[in-house]
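Student: Below is the sequence, then the predicted model.
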Amino acid sequence: MVLPEGFVEVRVRARPMAPEDRRDAIIEAVIPLLLEHGRDVSTKRIAQAAGIAEGTVFRAFGDKESLIRAAVAKHFDPLPLRTQLRGIDHELPLEPKLAAVIGLLRDRMTGVIRLMAAFGGQAPGAPDPSTERDPDEEWIDILAELVERDRDRLAVGIPELAFYLRLVAFGAAVPQFNAPHEFGSAELAAFVAGGVLHHHPAGEPRTDG
């Protein structure tokens, strides 16, 4: 290939990643490895997964233990789950909304259970329930907003509904409890709905007592 006379090739060097962005990228790469290997994952394998030199791992975190603690803390961060819960369409019928909630809770609990199992039940960086703020208040507020238009169908309060949804989602996240038949989120939502809804024809005013 002959370039035209006077052609000048210009190479633009990629802008280096900011330190915090680099740390976040390494954490995202290491979480799947921790789920599979726990503490035994090597820094070499971490570097390969992140597409960086092994020395970059140490420059970003100092040592492997600090990286593991940061990754576990990221995995336990409840903010992504809350954002997803808030993203459920409020215009959906109640049962599909409950199914969506159960699906998100089950995915979250499955990841937590896998991570704890990979570390033998003692994951460094995991929140301490005795010192962490009780997250129930925000979770209940999110659920209350989601089912507001269906409130008159509920035979239980929002805190009770929240408890039942988490209980069912947790059971479905434990492999031994979800076999031999793997229940889908819609099936589980129908099960919960059968226990928390008033059983009177739609549009018919309920009578209490």
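Tutor: Arrived safely, thanks for sending. Just so we're clear, the structure is a prediction, and the values are computed from it rather than from any experiment. Numbers count the residues shown, from 1 in each chain.

Student: can I assume residue 23 is in contact with residue 59?
Tutor: No - using Cβ atoms under 8 Å, residue 23 makes no contact with residue 59, being 10.1 Å away. (Each C-beta comes from the backbone N, C-alpha and C, glycine too.)

Student: More neighbours: the two, which one.
Tutor: residue 23 (16 against 11; other Cβ atoms under 10 Å).

Student: element containing the more buried one?
Tutor: Here residue 23 is covered by helix 19-37, with elements defined by DSSP states H and E.

Student: Mind telling me what element residue 183 is part of?
Tutor: Per DSSP H and E, there is no helix or strand for residue 183.

Student: how about it, phi and psi?
Tutor: phi -80, psi 140 (degrees, to the nearest 10).

Student: In three-state terms, label the spatially closest residue to it that is not a sequence neighbour for me.
Tutor: Excluding its sequence neighbours, the residue lying closest to residue 183 (Cβ to Cβ, 6 or more residues apart in numbering) is residue 172, at 5.7 Å. Three-state call for residue 172 (DSSP: H, G, I helix; E, B strand; the rest coil): helix.

Student: buried ones in the helix of greatest length in the chain?
Tutor: If you go by DSSP state H, the chain has its longest helix at helix 94-118. Of the residues in helix 94-118, 94, 97-106, 108-112, 114-116, 118 count as buried by neighbour count, 16 or more other Cβ atoms under 10 Å.
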